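Trainee: Need a 3D model of the following:
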Amino acid sequence: MLSRTFRIPTEKFPLVTRGKVINHELFRVVVRADETLRNPKCAVIVSNKIAKTAVARNQIRRQVYDVLGEMISGLPNVYISVFPKKVGMTKTQVKTILQSLLK
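Mentor: Model prediction:
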């Protein structure tokens, strides 16, 4: 799981959903640079259109946060917002896709 120090606070959400957009068939990733950051900040936003139940949305969110927690040391000091587009991905799929998108 990703530590609180690496998560984007809710008051920053409107600001960080605009930036460089990286599209994939399973994810949309928005990266926004900020010179004042000491470490990368990440957020995972799962829409009701993707998963209808809160249980499914939270499973996706936890899975992506877990992968981001493993990758956090190699990420640049930017805001990263991840928007999953599909349900039913395995952890290895999520990891390989996010590693290729965030290089």
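Trainee: Helices of this protein, start to end?
Mentor: 13-16, 54-71, 91-101 (DSSP state H).
Trainee: Kindly reformat these as JSON lines containing mean neighbour count, mean pLDDT and distance to A43.
Mentor: No exception for glycine: its C-beta is placed from N, CA and C like everyone else's. Output for these, formatted as JSON lines (neighbours: other C-beta atoms under 10 Å; pLDDT from 0 to 100; distance: least, C-beta to C-beta, whole Å):
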{"stretch": "helix 13-16", "mean neighbour count": "13", "mean pLDDT": "84", "distance to A43": "7"}
{"stretch": "helix 54-71", "mean neighbour count": "16", "mean pLDDT": "94", "distance to A43": "9"}
{"stretch": "helix 91-101", "mean neighbour count": "15", "mean pLDDT": "93", "distance to A43": "13"}
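Trainee: out of the ones you listed, nearest to K41?
Mentor: Ranking those by distance to K41, with C-beta to C-beta as the measure, places helix 13-16 first at 7.7 Å.
Trainee: ok, back up a step: and C42, which of the helices of the chain is closest to it?
Mentor: Taking the helices of the chain one by one with C-beta to C-beta, helix 54-71 is closest: 5.0 Å.
Trainee: what's that closest one in contact with?
Mentor: 1-3, 6, 42, 44, 46, 48, 50-51, 75, 80, 82, 84, 87, 89, 91, 94-95, 98-99, 102 (C-beta atoms under 8 Å, 6 or more residues apart in numbering).
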